[in-house]
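>>> fold the stuff below for me.
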Amino acid sequence: MTPAEFDGWFAGLFEREAFRLELLDCYDSPAARERVQRFMAGEREGQPARAFWDGLLAEARRAGKSMSRVHVVSEPLTNYLRWELDYYRGSVAAGEDIRIIPRARAAGLDLPGFDFWLFDGRAAAVMVYDERGAWLHSEIVTDLGFVAACCHWRDVAMHHATELGTYMAGSEAV
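Prediction:
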C-alpha cells in the first residue's frame, strides 16, 4: 500500500485502537526537512501543518477510538527528533498517548527491527522505509501469529516507555 493509500485508508483500519511503534531517528521527506529547518530557526508549527493529523485524532476521539505510540529514540536527540517531540506535544493535546524510550533502555527489550501500526489487535501495518527514512510503502498483515507478536511488542514498549511530558521535563537530551 502506498503512503497516499495508507493515509486515505487509515481511519477505517481500526474500530477501537491504533498503536504505532517508531524506531527511526529520522523520517525523511522534503516537507519534514523544511519543517525541521523552520523549527531550528525558532518557528513553531502552525495549524495548517497540523491539520491532517489533528483531524484524524479528532475524528478518532469522536468515534470513541484511542491512538497511542511509542518512539524509541537515540540520545542525544537529533534536530529531527527535537522537532518531532515538539510536534508530538500538539498530538498529545489532541488526545494521542505518546511515550518515549531511549534506545539504550530499549536495547534489551527484544523489540522488532521495524516500525508498525497495530489495529485493534487484529491487523498490523509494517512500515517500510529506505535507508534515509523515506516512507516507501506499508504491508498490511493479518496473520494471527504475527499480530500476536505485535501485541506483545506493544505491551512491552508501553510498559517500559515514559509519557512524553515526563520524558521532556526530565531529559537532558531535549
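>>> next secondary structure after the lowest-mean-pLDDT helix or strand in the chain?
Within the chain, no helix or strand scores below helix 47-62, which has a mean of 87 by mean pLDDT, DSSP states H and E. For helix 47-62, the succeeding helix or strand toward the C-terminus, using DSSP states H and E, is strand 66-73.
>>> in the least confident helix or strand of the chain, what's buried?
A49, R50, W53, D54, L56, L57, A60 (16 or more other Cβ atoms under 10 Å). Using the backbone N, CA and C atoms, a C-beta is placed for each residue, glycine as well.
>>> now D25, what's its secondary structure?
coil (DSSP: H, G, I helix; E, B strand; the rest coil).
>>> now L109
coil.
>>> I'd say it and D155 touch.
No - if you go by Cβ atoms under 8 Å, L109 and D155 don't touch, sitting 10.8 Å apart.
>>> please say which of those two ends up with more neighbours.
Higher neighbour count among L109 and D155: L109, with 14 against 11, using other Cβ atoms under 10 Å.
>>> wait, what's in contact with the more buried one?
I101, V156, A157, H160 (Cβ atoms under 8 Å, 6 or more residues apart in numbering).
>>> for PyMOL, write a command that selects the buried ones of the residues you listed.
A single PyMOL command selects the buried members of the contacts of L109 (16+ other Cβ under 10 Å):
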select buried, resi 101+156+157+160
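>>> what's the spacing between G90 and Q47?
Noted for G90: a distance of 9 Å to Q47, by Cβ to Cβ, to the nearest Å.
>>> who touches both of these two?
Joint contacts of G90 and Q47 (Cβ under 8 Å, 6+ apart) are D54.
>>> what residue in this protein is the furthest from its centre?
A41 (24.1 Å; Cα atoms, centre = their mean).
>>> and which of the buried residues of helix 47-62 is nearest G133?
W53 (17.9 Å; Cβ to Cβ).
>>> retrieve the pLDDT associated with the closest residue to the closest one other than its chain neighbours.
If the residues on either side of it in the chain are set aside, W53 comes closest to S91, at 6.5 Å by Cβ to Cβ, 6 or more residues apart in numbering. Predicted confidence (pLDDT) for S91: 93.
>>> can you list the weak-confidence ranges in this structure?
Within the chain, the segments meeting pLDDT under 70 span 172-174.
>>> quick one: the helices in it?
3-9, 30-40, 47-62, 79-93, 103-106, 144-160, 164-170 (DSSP state H).
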